[in-house]
Each structure stands twice: as C-alpha cells, then as structure tokens.
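>>> build me a model:
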Amino acid sequence: MASVNMADVKRLRELTAAGMMDCKKALEESEGDFDKAVDLLRLKGAKDVGKREARTASNGLVAVKHEGDSLAALLELNCETDFVAKGERFQQLAADIVAHILATQPSDVPTLLESDLNGKTVKEHLDEANAALGEKIEIRRFSVLKGGFITSYMHKTDPQLPPAVGVLIQLDQENSAVGKDIAQHAAAMAPKYLSPAEVPADVVEKERSLFEQMTREEGKPEAAIAKIADGRLNGWFKDFTLLEQAFVKDNKKTVAKFAAEAGVKVLAFTRFKVGQA
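Residues are numbered from 1 along each chain as shown. Next up, the predicted model:
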C-alpha cells in the first residue's frame, strides 16, 4: 500500500465527509488516486459519500440575468474569501459579466474570457480585479437557457453574503408559481440531472457497477445481484434526477407529477452552488 500524507487525508475527508481513518485506508489502497478512493469509500458504506464527493473550498457568488421570460444566464464567479465576495467591486464585476454572457452567449469559459467587454477582454477585467482585490478571481462556469418560460431562484446561505445558490428552470409554457416552486426545490435538493434518460451512459454504468459490487460483497446470491443493483440504481435516480425526486412540498409526488398536474413540462434546469459541482 502507498503511504499518504495527512493533507491528502484531510482533503478526501472534506470531499466525502467520511472518517479520518477510512479516508487514510482508502487513499492507501488506491495509491493516492482520489476518484478510486471515493469509490472504495462508497463500497464500504461511508456515510454521505457520493453526495459530497465533488465539494471544493471556493468562495464567491452566483449571479443571474434575465431578458424577458425566455432567455436567462447564470454565472458562478469565484474568489478566495467571503470578505471579497461581499464587496461592491466583486459583485459589480459579476453583474457586468453575467449581462455580457446573456448578450453574447459564448460557447464556453475560454471563449468568454477572450471576448470583448467594454474595450477589454473579460480575462483582462479579471486580472485587474485580481490585482486590485489581492485575490485570485475566476469564472468557474456559466449557463444560458433560452426558449419556453424561464424562471430563477437565488438563495443566500448567509444573509451577510451574496447568493451562493442559483437555479434556472425552463418550462414549456408560462407558469411563474410552478417555476418558482420547482426552482426552490432544486436549490434545496441539488439534483445533478433532469431525468434518468439524460444521465450520461458512462455515469449509469459506473453506478450500476458499484451497486453490483456492493451487493456481491453483502453476500447476496449471484443470480439476484443484477436485479438488486437495478433497484439501487433506480433509487439513485430518485436522489439525483430532478424529475424523479420527491417534491419537497408534497413528498407523495415526484417533481414530474407535480409539473404534469399543473399542465407544464420541465424542459431543462441549471443549478449552481458556490464551491460544489
């Protein structure tokens, strides 16, 4: 087994919420590979692993900009400390950039960084802010939704700080109340995908493989493993896909059923939380 240092153990513990010794053993067995260590912890049943594995330590804010009811942009802008995040210059920079994103709809972050904003590239604006504020400031991600009816919800995890969670919900037709309810649900329940059909095939295969291995290690009969793993995979879909989640305001209904009863369909969503995938 490879030796690991305590800094790596601490980092894995922050990523997964598993115990210190469990993290140390997982890193030793995986020879320092964090992704493999996370999978090992999941196989051993470490609490909350998988739901917290993508956490990072970033600070910053989420900003939103709408144009009418059918076009909106969401941005995550990161900095190193809460002190900078609540400052006027940082918040104005975020507002300027998210408005620029809405107006230009760049394809990705590198394209955005090289685009012109008031005579300078966006990257130059970030560099100037870095120098003025004394911290690393960077664009982590952004999303643009267009078409249908789009609503947003912004949530502050601390009343002294700017929003740290932002959600866009795209419906096939106008319904502000339903859009807001589903946006608030997504903010609280953190779905990763819209529906089981939209989960990438490689992710589905990885989860199924893990569930099969878990089931096998529990000593279940080989003939029953595939069926049990499929059941666990369906449970995973209910945890991580928006439409399959139990609706927070009525857990007897899925989000899909709640939307259907209101006569609308959820076409897409984006959820950003500062410091999380």
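>>> quick one: the strands in the chain?
59-66, 71-79, 116-117, 120-121, 138-146, 149-155, 165-171, 246-247, 250-254, 266-273 (DSSP state E).
>>> any chance of the ones you listed in a markdown table, with mean pLDDT, distance to residue 39 and mean neighbour count too?
Where you see a C-beta, it was placed from the backbone N, CA and C, and this is true even at glycine. Supplementary listing: those in a markdown table, determined by pLDDT from 0 to 100; distance: least, Cβ to Cβ, whole Å; neighbours: other Cβ atoms under 10 Å:
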| stretch | mean pLDDT | distance to residue 39 | mean neighbour count |
| --- | --- | --- | --- |
| strand 59-66 | 97 | 29 | 23 |
| strand 71-79 | 97 | 27 | 24 |
| strand 116-117 | 97 | 42 | 14 |
| strand 120-121 | 96 | 40 | 13 |
| strand 138-146 | 97 | 25 | 19 |
| strand 149-155 | 98 | 31 | 20 |
| strand 165-171 | 98 | 27 | 24 |
| strand 246-247 | 96 | 27 | 18 |
| strand 250-254 | 95 | 28 | 12 |
| strand 266-273 | 98 | 23 | 21 |
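>>> for these, please prepare a markdown table with the additional fields distance to residue 26.
As requested, the strands of the chain are arranged in a markdown table below (distance: least, Cβ to Cβ, whole Å):
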| stretch | distance to residue 26 |
| --- | --- |
| strand 59-66 | 28 |
| strand 71-79 | 28 |
| strand 116-117 | 44 |
| strand 120-121 | 42 |
| strand 138-146 | 27 |
| strand 149-155 | 33 |
| strand 165-171 | 29 |
| strand 246-247 | 31 |
| strand 250-254 | 33 |
| strand 266-273 | 25 |
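>>> quick one: closest of those strands to residue 185.
For the strands of the chain, distance to residue 185 was read as Cβ to Cβ. The smallest value, 6.2 Å, belongs to strand 246-247.
>>> lovely, talk soon.
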